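# I would like the atomic coordinates for the input below:
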Amino acid sequence: MRTSSPLISPKEITLGAGTIIIDARSGVDAFERYKSSHLAGAFHADLDHDLAKKPADPAVGGRHPLPEVKDFAAYVGKLGITPSTSVVVYDDKSGANAAARFWWMLRALGHDKIQVVDGGLAAIIRDGLSLESGSNEPSSTAPYPSDRWQLPTVSIDEVKTAAKDPQALVIDVREAYRYRGDQEPIDLVAGHIPGAVNIPYINNLSDDGTFRAADDLAALYHQAVGHRDPSRIVVHCGSGVTACHTLLALDHAGIKGANLYVGSWSEWSRRNLPIAKGDS
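Numbering: from 1, shown residues only. The predicted structure is shown next:
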């Protein structure tokens, strides 16, 4: 049975047998930071090595394309995760980095018992949960029994169509300055997909870094989505990672079935396609 919420507060976490904790902090020194201090019993998952495959060319699939399902299923098995395992994941960016990506990928394998720590590592520290140093080695089991992604994704051609379709909605979750094209700190070209609307992922959060209440998020997104079916919604970011934060927020708000554009701006901006700038 699926957990009632995609989020869990630190005080609700049960440490010990039956729950696997994933520290999904990313960056060049992420593993060192994990070894320095992490939630007791947590295993580390690396965005670039475990939650994406290195692209031969970011113009085809973006900077963080999904790994093959069989490869991720094998990795999940190495973590000791089975269909009956409860999983809790956190990062140090209020879920906006690899924690939400791990949540989406595990849900896309068909695993229901997965939750993101609301407020991330900062909330864990604030609530006084037990931390430890060093690293933990999981007890490996068989690959997770799944052979396909079970949550919807869209290709670049489907995004081209959706961006021109008034019955569809393409949501760009990057910061407003990146959407407007004022500056682009990561990808090669600034701007946004013509027709996409900007709802920065930061709007999903309260001032303390926890997610806004489900009713507040529902009001925020229903204002943009209107009467569209969620299956006509496309969510993207720079490379298909932070977009999962908004997919989690939509799920929390009861809006289920939106599509992830994995390639996101990192793919679109490298394909000599139309680019818009400004607020619309």
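# how much space between residue 265 and residue 159?
Plainly put, residue 265 is 11 Å away from residue 159 if you go by CB to CB, to the nearest Å. The C-beta positions use only the backbone N, C-alpha and C, and glycine is treated the same way.
# oh, I was asking about residue 51
When residue 51 is compared with residue 159 (using CB to CB), they lie 22 Å apart.
# before we move on, what about residue 31?
Applying CB to CB, one obtains 34 Å for the distance of residue 31 from residue 159.
# more crowded one of these two?
Just comparing residue 31 and residue 159: by other CB atoms under 10 Å the higher neighbour count belongs to residue 159, 24 against 16.
# how about the closest residue to that one other than its chain neighbours, what does it touch?
Distances taken as CB to CB, 6 or more residues apart in numbering place residue 261 nearest to residue 159, at 5.3 Å, with adjacent residues excluded. Counting by CB atoms under 8 Å, 6 or more residues apart in numbering, residue 261 makes contact with 153, 154, 156, 159, 170, 234, 235, 236, 240, 243.
# What about the residues you listed, which are in helices?
Filtering those for membership in helices, criterion DSSP state H, returns 156, 159, 243.
# and the second one, what pLDDT?
To tie it back to what came earlier, the one meant is residue 159. Per-residue confidence (pLDDT) for residue 159: 98.
# how much space between it and residue 234?
Using CB to CB, which is the criterion applied here, residue 159 is 6 Å from residue 234.
# quick one, what contacts the nearest residue to residue 169 once chain neighbours are set aside?
For residue 169, ignoring the flanking residues on the chain, the nearest one in space by CB to CB, 6+ apart is residue 233 at 5.2 Å. When contacts are counted by CB under 8 Å, 6+ apart, residue 233 is found next to 168, 169, 171, 225, 250, 255, 257, 258, 259.
# just those residues now: which is nearest residue 36?
When the contacts of residue 233 are compared for distance to residue 36 (CB to CB), residue 250 comes out closest, at 33.8 Å.
# Ramachandran angles for residue 32?
Its backbone dihedrals place residue 32 at phi -70, psi -40, with angles given as degrees, to the nearest 10.
# Run a quick neighbour tally on it.
Here the neighbour count serves as a burial measure; for residue 32 (other CB under 10 Å) it reads 9.
# cool, and residue 29?
The burial count for residue 29: 11, using other CB under 10 Å.
# so who does it touch?
Going by CB under 8 Å, 6+ apart, residue 29 touches no other residue.
# shared neighbours of residue 159 and residue 234, which are they?
When contacts are counted by CB under 8 Å, 6+ apart, the set common to residue 159 and residue 234 consists of 170, 261.
# returning to that earlier point: I'd like the ones in helices among the contacts of residue 261 as CSV, with distance to residue 56 appended.
Formatted as CSV, the entries for those read as follows, by distance: CB to CB, whole Å:
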residue, distance to residue 56
156, 16
159, 21
243, 22
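# wait, which of the residues you listed is closest to residue 22?
Closest approach to residue 22 among the ones in helices among the contacts of residue 261 (CB to CB): residue 243, at 19.2 Å.
# which residues does the closest one contact?
Residues in contact with residue 243, defined by CB under 8 Å, 6+ apart, are 173, 201, 235, 236, 237, 260, 261, 264.
# export those residues to TSV and tack on pLDDT?
As requested, these are exported to TSV (pLDDT from 0 to 100):
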residue	pLDDT
173	98
201	98
235	98
236	98
237	98
260	98
261	98
264	98
